[in-house]
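In: Pasting the sequence and the predicted model now:
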Amino acid sequence: METSACVVYALRAEYRYGRKKGVLKHSYNEIISQFVGFCKQRGIKLFISTNARDEASCRITYVINREMDKLGIRAYRLRNEIIMKCVRRLRRLFEAAVVEEVEGPKISNVRRMYLQNRERLREVSRKKGRKALLPSETDIKILGEAAKLAEKSKVMMITEDHDFLDFSDEIENRFRVKVVRISELVSMMQEI
């Protein structure tokens with residue numbers, strides 16, 4: 001699982017704000033939660049690299065604060081409670097998965113693949129509002145790790161990140177890593 005999928009899984013918390021009750025969650029939270037349960041039930045290994053784990057752990061607070069801003073909720077005590085609930089969900093995901101460092105990720109091969117597609121990189125950078133041409137170093141490492149793992153196992157990268165989704169054909173052809181959108185997990189579970 002890539003960073004964005006981990007964050008989507010973790011982003012779920014009930015809250016009470018004054019008289020208002022609500023649930024802060026990503027629209028794909030139930031799908032990814034079902035998928036994690038599905039894999040656990042069937043003994044399918046979920047792998048999360050230490051880079052994806054670390055990035056998800058750092059991003060979760062930022063994502064929650066952004067979502068709370070959208071809702072117009074400024075109560076910092078409530079934000080802290082929601083952050084703690086989501087961090088616990090994230091930890092449970094890490095406990096259910098295999099979290100390991102991957103030795104010898106194919107970082108230079110990943111950079112080369114992206115740089116051979118400069119025009120699409122520019123489009124993705126514009127779409128994401130990013131000044132840099134290349135994806136983040138962490139994203140490059142995560143894909144490099146997936147490519148290394150694909151030398152020995154079948155690898156599917158579950159993500160919502162356009163740095164991977166918009167290059168899914170190249171990634172699959174070059175590294176034998178299938179890039180899967182969270183919304184595609186329902187049909188994938190039916191096929192298995």
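Out: Yep, that arrived. Quick caveat, the model's predicted, so the values are computed rather than measured.
In: pLDDT (mean, whole number) over stretch 137-151?
Out: If you average the pLDDT over stretch 137-151, you get 96.
In: Ile73 looks like it's in a strand, true?
Out: No: under DSSP: H, G, I helix; E, B strand; the rest coil, Ile73 sits outside any strand and is assigned coil.
In: what bridges to the residue nearest to it when sequence neighbours are not counted?
Out: Nearest non-adjacent residue to Ile73, counting by CB to CB, 6 or more residues apart in numbering: Tyr17, 5.5 Å away. (Glycine included, C-beta is placed from N, CA and C.) With DSSP bridges as the criterion, Tyr17 is bridged to Lys20.
In: Quick check: Tyr17 touching Arg77?
Out: No: applying CB atoms under 8 Å, one finds Tyr17 not in contact with Arg77, separated by 10.5 Å.
In: Of these two, give the one with the bigger neighbour count.
Out: Neighbour count, other CB atoms under 10 Å: between Tyr17 and Arg77, Tyr17 has more, with 14 against 7.
In: Please report how far the more buried one lies from Lys25.
Out: 15 Å (CB to CB, to the nearest Å).
In: do the same with Ser136
Out: Taking CB to CB, one finds Ser136 at 25 Å from Lys25.
In: Mind checking which of those two has more residues around it?
Out: In this view Ser136 and Lys25 are compared by other CB under 10 Å, and Lys25 has more residues nearby, 17 against 14.
In: wait, doesn't that one sit right on Ala10?
Out: No: the criterion here is CB under 8 Å, and Lys25 misses it with Ala10 at 9.9 Å.
In: Touching both of the two, which residues are there?
Out: With contacts taken as CB atoms under 8 Å, 6 or more residues apart in numbering, Lys25 and Ala10 have no neighbour in common.
In: All the strands of the chain, residue numbers only.
Out: For the chain, the strands defined by DSSP state E cover 12-17, 20-25, 47-49, 98-100, 155-159, 177-181.
In: Which pLDDT does the model give Lys40?
Out: For Lys40, pLDDT reads 93.
In: show me what contacts it?
Out: Lys40 touches 46, 96, counting by CB under 8 Å, 6+ apart.
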